[in-house]
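*Asks:* heads up, no residue letters with this:
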Ligand code: NAP
């Protein structure tokens with residue numbers, strides 16, 4: 001039985017993940033980590049059924065002391081996730097991280113820490129299998145069509161931009177694409193941000209609108225041709241098979257894996 005704790009249980013992704021773990025054979029949801037005093041157990045929150053007697057902690061050490069989870073899922077905010085991940089690794093709890101917004105330095109530090117402690121950790125900017133395939137196909141296409149622009153589209157409550165998936169896609173493309181500046185060599189923005197953010201000369205554009213969930217297009221341009229690779233997450237259920245896969249996988253590894261494409 002894998003004992004799971006979750007940070008961010010009240011959030012849109014968190015609610016879905018709570019139900020998923022509660023229903024999953026071979027897993028037990030032992031604790032929730034919050035930063036507000038919202039109740040004693042998840043059952044105190046109106047969003048969950050009355051039989052969800054999962055204790056809520058605001059103190060990480062107490063959570064560990066009383067519930068000793070094997071895995072911590074984090075679906076919180078870019079402000080909280082780094083500290084949660086670090087604390088989990090230091091306590092020999094394996095993090096499964098869906099929250100995006102890590103800096104390169106933070107990722108490197110966590111990678112080293114996980115390796116030193118031999119604690120498995122999965123950081124997945126996107127848990128949806130279709131999104132993983134979109135990134136893999138984009139990397140393949142970039143070998144032949146190196147002019148690429150990424151348009152990522154999310155709901156307007158998202159805190160970080162560009163999205164973790166957008167950045168990860170650019171990083172994967174950069175593995176096979178020689179760095180080059182795209183567009184006209186002397187192009188000039190007459191409004192700041194018009195050309196999007198710049199990753200090794202590739203442009204990433206971030207759209208934020210109510211009604212969207214998580215969507216991305218990778219556009220490739222060549223002589224007389226265009227290729228578009230697109231993925232849409234239409235609801236948060238699309239991420240849950242990746243969450244389950246990550247929980248089951250993280251207990252068997254001893255290092256940090258960044259991106260499910262490395263293990264699927
Ligand atoms: P959300 O609805 O805003 O949920 C975040 C929850 O975390 C909120 O309930 C928030 O509480 C809580 N929270 C904030 N700081 C916390 C802390 N220090 N400790 C415990 N809980 C804390 O956001 P969401 O849409 O569920 O997304 C959550 C994260 O997952 C985001 O980073 C998003 O980009 C990411 N995401 C990842 C994937 C993936 O496949 N990897 C897919 C979708 C989303 P308050 O509202 O009270 O502050």
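*Replies:* Ah, there it is. Please read these numbers as outputs of a predicted model, since none were measured by experiment.
*Asks:* in what helix or strand does residue 63 lie?
*Replies:* Using DSSP states H and E, residue 63 sits in helix 60-67.
*Asks:* Pull up the residues of the stretch 101-250 of the chain that are close to the ligand.
*Replies:* 124-127, 157-158, 214, 239 (CB under 6 Å from any ligand atom). Every residue, glycine included, has its C-beta placed from N, CA and C.
*Asks:* So which of those are in strands?
*Replies:* Among these, the residues falling in strands (DSSP state E) are residue 214.
*Asks:* possible to save the residues of the stretch 101-250 of the chain next to the ligand as JSON lines with neighbour count?
*Replies:* Shown next, in JSON lines, are these (neighbours: other CB atoms under 10 Å):
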{"residue": "124", "neighbour count": "28"}
{"residue": "125", "neighbour count": "24"}
{"residue": "126", "neighbour count": "28"}
{"residue": "127", "neighbour count": "25"}
{"residue": "157", "neighbour count": "9"}
{"residue": "158", "neighbour count": "17"}
{"residue": "214", "neighbour count": "22"}
{"residue": "239", "neighbour count": "24"}
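*Asks:* about what we covered before: who does the helix holding residue 63 touch, helix- and strand-wise?
*Replies:* strand 2-7, strand 27-33, strand 56-57 (3 or more CB pairs under 8 Å, 6 or more residues apart in numbering; DSSP states H and E).
*Asks:* So for that helix, what gets flagged as buried?
*Replies:* Judged by neighbour count (16 or more other CB atoms under 10 Å), helix 60-67 contains these buried residues: 60, 63-64, 67.
*Asks:* closest to residue 49 among those residues?
*Replies:* Comparing the buried residues of helix 60-67 against residue 49 with CB to CB places residue 67 closest, at 19.9 Å.
*Asks:* List the contacts of the closest one.
*Replies:* 3, 5, 30-31, 55, 57 (CB atoms under 8 Å, 6 or more residues apart in numbering).
*Asks:* Once you drop chain neighbours, what's closest to the residue nearest the centre of the chain?
*Replies:* Using CA atoms, centre = their mean, the residue of the chain that lies closest to the mean C-alpha position is residue 125, 2.6 Å off. Distances taken as CB to CB, 6 or more residues apart in numbering place residue 164 nearest to residue 125, at 3.1 Å, with adjacent residues excluded.
*Asks:* That neighbour against residue 100, yeah?
*Replies:* Yes. Residue 164 is in contact with residue 100 according to CB atoms under 8 Å; the separation is 2.9 Å.
*Asks:* Residues that sit against both of these two, list them.
*Replies:* Common neighbours of residue 164 and residue 100, counting by CB under 8 Å, 6+ apart, are residue 125.
*Asks:* Show me the helices in the stretch 51-200 of the chain, by range?
*Replies:* For the stretch 51-200 of the chain, the helices defined by DSSP state H, counting those that start in this stretch cover 60-67, 81-90, 104-117, 129-142, 164-174.
*Asks:* any idea of the mean pLDDT for the first one?
*Replies:* What it means is helix 60-67. Mean pLDDT, computed over helix 60-67, is 97.
*Asks:* One more: the third one?
*Replies:* For helix 104-117, mean pLDDT rounds to 97.
*Asks:* and if you look at the fourth one?
*Replies:* Averaging the model's pLDDT scores along helix 129-142 yields 96.
*Asks:* again, but for stretch 14-25
*Replies:* Per-residue scores along stretch 14-25 average to 98.
*Asks:* Now tell me what touches it from outside.
*Replies:* 4, 6-9, 27-29, 32, 42, 47-48, 52, 54, 73, 75-76, 98, 236-237, 239-240, 243-244, 247.
*Asks:* Excluding chain neighbours, what is closest to the residue of the stretch 101-250 of the chain found nearest the ligand?
*Replies:* Nearest residue of the stretch 101-250 of the chain to the ligand: residue 127, at 3.6 Å (CB to the nearest ligand atom). Closest residue in space to residue 127, ignoring its immediate chain neighbours: residue 242 at 2.9 Å, by CB to CB, 6+ apart.
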